[in-house]
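Novice: model this:
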Amino acid sequence: MSGHSKWSSIKHKKAATDAKRGKVFSKLIKEISVAAKLGGSDLEGNARLRLAIQKAKDCNMPSDNIKRAIQKGSGELCEGAAFEEVMYEGYGPGGVAILVEAMTDNKNRTTSNIRSTFSKRGGNLGESGCVSWIFNKKGYITINKNEISEEALLDVATEAEAEDYKVESDFYEVYTEVSKLETVRKVLEDKGIKIETANLTMIPQNFINVDKKTAEQLLKLIEYLDDDDDVQQVYANFDIPDEILKEIEET
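Specialist: Numbering: from 1, shown residues only. The predicted model follows:
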């Protein structure tokens, strides 16, 4: 897997903060509902729903919330508006490619909001297909460094047939084929390794190095996109040098 992006570290920290605030619940409920709508409520035959439920459990979502989200998506519970998936593609400052995954009950509203956020923050919303070709869908697992040594992780990841792993300052990233995410997670957990996060993500094939000013603009743009209630995930292909990232985090 080529390249590396400090954006993964930033998202890792943000995910932990959002989980503590409970902000992630509404996004997980949408994901569960859409997964049940598209693939049915039978967990055996719906890998996407299994993953969504596991993510909800990892965030300590109450089982009643999970059950209602499944019932709403499958049509067993007629409550509120139905959601649809929408993917937005665009460019940020410095020509950085940005993918935005959204789930909405009003596509016109969401499109207008996303377009406005891009334009106000130095980017522009593009046409379908303009940047998606840069990204590949992968399984993504994070593990706290206190759980296992790098040497031991390499042995387990190889046994589990993971594609790759990377070392960050305080956690490991493990990458898998989409179809093997659940299998790799199970192998790791069977070894007594605690998983911090496990989900599907979009990995860029290449990265754009950015200076401090551009990095600050990009982080603001992505923060505003990510804070939109209809946005599930934001992916980008920029890389921030360590010294610049440290400066930004200290300001």
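
Novice: confidence-wise, which helix or strand of the protein is lowest on average?
Specialist: Least confident helix or strand, the chain: helix 7-21 with a mean of 60, by mean pLDDT, DSSP states H and E.

Novice: now do the next helix or strand after it: which elements does it pack against?
Specialist: Moving toward the C-terminus from helix 7-21, the next helix or strand (DSSP states H and E) is helix 24-39. Counting contacts by 3 or more Cβ pairs under 8 Å, 6 or more residues apart in numbering; DSSP states H and E, helix 24-39 is packed against helix 47-58, helix 63-74, strand 97-104, strand 231-236. Where C-beta positions appear, they are placed from N, C-alpha and C, glycine not excepted.

Novice: now the ones you listed as TSV including mean pLDDT and distance to residue 221?
Specialist: As requested, the helices and strands packed on helix 24-39 are exported to TSV (pLDDT from 0 to 100; distance: least, Cβ to Cβ, whole Å):
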stretch	mean pLDDT	distance to residue 221
helix 47-58	91	25
helix 63-74	90	30
strand 97-104	95	8
strand 231-236	93	9
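
Novice: how many residues are close by the residue lying closest to residue 28 once chain neighbours are set aside?
Specialist: Residue nearest to residue 28 in three dimensions, not counting chain neighbours: residue 56, with 4.7 Å by Cβ to Cβ, 6 or more residues apart in numbering. Residue 56 has 21 neighbours, counted by other Cβ atoms under 10 Å.

Novice: would residue 87 count as being in a helix?
Specialist: No. Counting by DSSP: H, G, I helix; E, B strand; the rest coil, residue 87 is not part of a helix but strand.

Novice: quick one: residues contacting the nearest residue to residue 100 once chain neighbours are set aside.
Specialist: Excluding its sequence neighbours, the residue lying closest to residue 100 (Cβ to Cβ, 6+ apart) is residue 88, at 4.1 Å. Residues counted as contacts of residue 88 (Cβ atoms under 8 Å, 6 or more residues apart in numbering) are 99-100, 102, 111, 114, 125.

Novice: out of those, which one sits closest to residue 75?
Specialist: For those, the minimum distance to residue 75 (Cβ to Cβ) is 22.1 Å, reached by residue 102.

Novice: roughly how far does that closest one sit from residue 31?
Specialist: Taking Cβ to Cβ, to the nearest Å as the measure, residue 102 falls 11 Å from residue 31.

Novice: ok, residues contacting the host helix or strand of residue 119?
Specialist: Residue 119 is part of helix 107-120, with elements assigned from DSSP H and E. Applying Cβ under 8 Å, 6+ apart, the contact partners of helix 107-120 are 84, 86, 88, 90, 92, 100, 102, 104, 124-125, 221, 224-225, 228, 230-231.
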